[in-house]
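Peer 1: give the three-dimensional model of this entry:
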Amino acid sequence: SSFSAETWCPAWSVSTIVKGVLSFMLEQEQTTGAIVTTDDQKKLFARASHEWNLKHKDYLLLFKAEAEAAAASAQVAPSVAPAAAESSAAGKA
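Peer 2: The predicted structure follows:
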């Protein structure tokens, strides 16, 4: 990744940043922040990440459609219902 404050470029686009994140998932190169995993391990990590996200109200607020789709397909039930997350966020404003 070669991360360093001196190499940061504010002109990087979202596309460039996403490509960088994808490189951690798709490549086996040893770099700062990377771990060596099998494809099966990557799939397990992705599934666990999805389940973890569905337990947090901010995720449910920001990705309401994804949370509702996951609940509808019974993949993982969100820990905080999207409506409850919205009312909680409205109380913060």
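Peer 1: what ranges does this structure have for its helices?
Peer 2: Taking DSSP state H to define them, one finds helices in the chain at 14-26, 39-53, 57-62, 64-72, 82-92.
Peer 1: so which of those helices is the most surrounded?
Peer 2: helix 57-62 (a mean of 18; mean count of other CB atoms under 10 Å). C-beta here means a position set from N, CA and C on the backbone, and glycine is covered the same way.
Peer 1: next one: that one to chain centre, how far?
Peer 2: The chain centre lies 11 Å from the centre of helix 57-62; the measure is CA atoms, centre = their mean, to the nearest Å.
Peer 1: elements contacting that helix?
Peer 2: helix 82-92 (3 or more CB pairs under 8 Å, 6 or more residues apart in numbering; DSSP states H and E).
Peer 1: state the mean pLDDT of the helix it packs on.
Peer 2: Mean pLDDT, helix 82-92: 53.
Peer 1: ditto for stretch 44-64
Peer 2: 89.
Peer 1: same question for stretch 16-27.
Peer 2: On average, the pLDDT along stretch 16-27 is 80.
Peer 1: separation between residue 21 and residue 69?
Peer 2: Separation of residue 21 from residue 69 (CB to CB, to the nearest Å): 22 Å.
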